[in-house]
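*Asks:* generate a structure from the sequence data that follows.
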Amino acid sequence: MTATNQQIVLASRPDKEAVAANFRLVSTPVPALADNQVLVRHHFLSLDPYMRGRMNAGKSYAQPQPLDQVMIGGTAGEVVESRHAGFKAGDKVVGMGGWQQYSVVDASQPGTLRKVDTAHIPLSAYLGAVGMPGVTAWYGLVKICTPKEGETIVVSAASGAVGGAVGQLAKVRGCRAVGIAGGPDKCRYVVDELGFDACIDYKAHRDPKALYAALKEATPDGVDGYFENVGGLMLDTVLARMNAFGRVALCGMISGYDGQPIPLTHPQLILQSRLKLEGFIVSEHMGVWPEALKELGTLVATGKLKYRETVAQGIESAPEAFLGLLKGQNFGKQLVKLV
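*Replies:* Numbering: from 1, shown residues only. Alright, predicted model coming up:
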C-alpha cells in the first residue's frame with residue numbers, strides 16, 4: 001500500500017463562475033490508525049451539484065467548504081485496514097470521504113461509514129441510484145409531490161442522477177412522467193431507456209412561449225407534481241401549467257449557483273393555484289433512508305430502475321469533471337474512478 005494520499009483541496013472561492021484554479025492537488029502521508037478508526041481506499045468519488053454551493057462563503061443550509069481542506073463528497077470503496085470490530089479488510093463501504101484516494105474514518109461515530117453488498121448492485125450505484133441522489137429523488141417525489149395514480153409528474157434535469165430516478169419512481173406509482181433535459185440525445189435517453197412518457201428539450205425551446213407550448217403538449221391534463229432541480233425559466237414555465245393544489249419539491253437551483261439572482265416571474269400563480277412549494281435537504285431526513293434504499297435497491301437489483309454513469313479517470317480529473325457537471329456535460333451520474 002502506498003504511504004501517500006493524493007487529495008483535491010479548495011484553494012480559493014469562486015468569483016461568480018467556478019474554475020479549475022479554485023482547486024489544488026496535494027499529497028499527504030496516510031496516517032497510522034488509532035482505536036476505532038478504519039482506513040478506506042476509495043474506488044469512486046461522487047460529484048454533485050450541491051458542492052458548488054458549498055464553495056461559496058455566504059450563508060446557506062450548511063457550513064461553507066473550508067479553504068485548503070479536502071473537498072467534501074461521497075465516496076465508495078474498500079476497507080484496507082481496520083481497528084474497529086464492526087469492519088474488516090475487504091469490506092465494501094460508502095461514506096463521505098471527500099476528494100481523495102484514502103480516508104481515515106472514526107467508525108465509532110454512527111452513520112459515518114456503511115457496509116454495502118455488491119453481489120447484485122454495483123459499488124458505484126451506491127453513489128447514485130442507491131445512494132444520496134436516489135434517496136433525494138425518492139424523498140422529493142414520495143414525501144413532497146405525493147403522487148397518486150394517474151397524475152402527471154414533471155422533473156427538470158431529467159437525465160441526471162436525481163431526475164432520472166424521479167421519473168422512474170413516478171412510473172412505478174402509475175403516474176405520467178414528463179422530463180425536461182438539454183439536447184436530443186438526453187431526451188431520447190429519458191424516453192427510450194428510462195421510460196418517461198415525454199421529454200422536452202429546453203435547448204430547442206429557449207424562449208418562454210416556446211417552452212410553455214412544448215410543456216402544454218406534453219402535459220395535456222396539467223401538472224400535479226413538479227420536482228425542481230434548475231429554477232428560473234423552468235420553474236416559471238411549469239408553475240403556469242400546475243393544477244390546483246399541485247405540489248413542488250424544490251431540490252436544486254443550479255441556474256443560480258454562480259450567485260446571480262433567480263427572479264420568479266409570476267409568483268401570484270402560487271396563490272391562484274393554491275400550490276405547495278417545499279425545499280428540502282435529504283440529509284435532514286435520515287429517518288426515511290432505510291425505506292427509500294430498500295425500494296431503490298430492489299428496483300436496481302431487478303433491473304427495473306435504470307441509470308447511466310459518466311466516469312472520469314483519476315483524482316486529478318475531478319475538478320474538470322465537476323465543472324463539466326455544472327454545465328450539463330455529464331450524462332447521468334458523474335463519478336471519478338480511482339481504482
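*Asks:* contacts, neighbours, all on C-alpha from now
*Replies:* OK.
*Asks:* how about low-confidence regions in this structure?
*Replies:* Along the chain, the model assigns pLDDT under 70 to residues 1-2.
*Asks:* tell me the domain ranges of it?
*Replies:* 4-128+307-337, 132-283 (automatic domain parsing).
*Asks:* let me have those domains in a markdown table, adding distance to residue 300 and mean neighbour count as columns.
*Replies:* Below are these laid out as a markdown table (distance: least, CA to CA, whole Å; neighbours: other CA atoms under 10 Å):
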| stretch | distance to residue 300 | mean neighbour count |
| --- | --- | --- |
| domain 4-128+307-337 | 7 | 19 |
| domain 132-283 | 10 | 20 |
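*Asks:* so for residue 289, which of the ones you listed sits nearest?
*Replies:* domain 132-283 (6.6 Å; CA to CA).
*Asks:* which residues of the stretch 51-200 of the chain fall in strands?
*Replies:* Secondary structure of the stretch 51-200 of the chain (DSSP state E, counting those that start in this stretch): strands at 75-82, 92-95, 102-106, 113-115, 152-156, 176-181, 198-201.
*Asks:* nearest to residue 290, of the domains of the chain?
*Replies:* With CA to CA as the yardstick, what comes closest out of the domains of the chain is domain 132-283 (9.4 Å).
*Asks:* thinking again about what came up before, now the domains of the chain as CSV including distance to residue 291?
*Replies:* As requested, these are arranged in CSV below (distance: least, CA to CA, whole Å):
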stretch, distance to residue 291
domain 4-128+307-337, 15
domain 132-283, 9
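*Asks:* one step back: now the strands of the stretch 51-200 of the chain as CSV including distance to residue 324?
*Replies:* Formatted as CSV, those follow (distance: least, CA to CA, whole Å):
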stretch, distance to residue 324
strand 75-82, 19
strand 92-95, 24
strand 102-106, 24
strand 113-115, 28
strand 152-156, 18
strand 176-181, 16
strand 198-201, 19
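*Asks:* what's the closest of these to residue 279?
*Replies:* So among these, strand 152-156 is nearest, using CA to CA, at 14.6 Å.
*Asks:* who are the packing partners of the closest one?
*Replies:* Of the remaining helices and strands, those touching strand 152-156 by 3 or more CA pairs under 8 Å, 6 or more residues apart in numbering; DSSP states H and E are helix 161-172, strand 176-181, strand 223-228.
*Asks:* in a markdown table, list these along with distance to residue 85.
*Replies:* Below are the helices and strands packed on strand 152-156 laid out as a markdown table (distance: least, CA to CA, whole Å):
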| stretch | distance to residue 85 |
| --- | --- |
| helix 161-172 | 34 |
| strand 176-181 | 46 |
| strand 223-228 | 42 |
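*Asks:* of the ones you listed, which is nearest residue 5?
*Replies:* helix 161-172 (28.5 Å).
*Asks:* which residue is nearest the centroid of this structure?
*Replies:* Nearest to the mean C-alpha position of the chain, by CA atoms, centre = their mean, lies residue 133 at 4.0 Å.
*Asks:* that residue contacts residue 161, doesn't it?
*Replies:* Yes: here residue 133 reaches residue 161: they are 6.0 Å apart, a contact under CA atoms under 8 Å.
*Asks:* mind listing the shared neighbours of these two?
*Replies:* Counting by CA atoms under 8 Å, 6 or more residues apart in numbering, residue 133 and residue 161 have no contacts in common.
*Asks:* just how off-centre is the host helix or strand of residue 28 within its chain?
*Replies:* Assigned by DSSP states H and E, residue 28 belongs to strand 23-29. On the basis of CA atoms, centre = their mean, to the nearest Å, strand 23-29 sits 26 Å off its chain's mean C-alpha point.
*Asks:* run through who's touching the following helix or strand past that strand.
*Replies:* Using DSSP H and E, the helix or strand that follows strand 23-29 in sequence is strand 37-47. By CA under 8 Å, 6+ apart, the residues outside strand 37-47 that reach it are 33, 73-84, 87, 97-108, 124, 127, 318, 321-322, 325, 334-339.
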